[in-house]
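Participant: from the sequence below, what's the structure:
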Amino acid sequence: MNFKQPKDDHRYLWTVHSKQKLFQYALGPNVIKRVIRHSDRKEEGIAPKTIAVMKRRDGKTSKKEIWVMYQKVATKKRIISAWIYPGETDPGKEIFVPDEVWEELTKHSKNFEDVDV
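Facilitator: Next comes the predicted model:
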């Protein structure tokens with residue numbers, strides 16, 4: 001499979017972590033953009049000043065959710081992370097975030113504090 005690296009443009013900024021997650025979960029940049037634009041659910045993100053959105057991706061035998069965490073930076077959206085959650089999450093309940101995502105977020109947490117939402 002040829003993986004298309006996402007590029008920053010006039011609407012979206014991609015972190016190194018988000019690019020790695022796209023490769024890990026075999027998601028294309030257009031899938032992530034579609035989740036942001038046409039989400040099934042929108043919640044406050046687990047990192048400071050972030051937004052988490054979800055889109056269902058159900059198959060014949062399994063239920064999955066694609067989650068994207070992003071941050072508004074002026075007129076752009078900084079894509080922080082993306083992952084596929086196997087199963088269904090309940091609205092308003094805290095979602096499971098893998099340990100490597102937490103490590104990445106805490107490493108770059110100083111970037112979250114100076115951004116207006």
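Participant: contacts only, for the residue nearest to the spatial centre of the chain.
Facilitator: The structure's the chain has its C-alpha centroid closest to residue 68; by Cα atoms, centre = their mean the separation is 2.0 Å. Contacts here follow Cβ atoms under 8 Å, 6 or more residues apart in numbering; on that basis residue 68 touches 32, 35-36, 39, 52-54, 79, 81-82. Placement of C-beta: from N, CA and C, glycine included.
Participant: show me where this protein dips below the pLDDT cut-off.
Facilitator: 1-2, 93-98, 101, 104-117 (pLDDT under 70).
Participant: before we move on, the earlier item: so which of the contacts of residue 68 belong to strands?
Facilitator: Counting by DSSP state E, the part of these found in strands is 52-54, 79, 81-82.
Participant: buried subset of the residues you listed?
Facilitator: 52-54, 79, 81-82 (16 or more other Cβ atoms under 10 Å).
Participant: out of these, give me the two with the largest separation.
Facilitator: Spatial extent of these (Cβ to Cβ) is set by the pair 54 and 79 at 14.4 Å.
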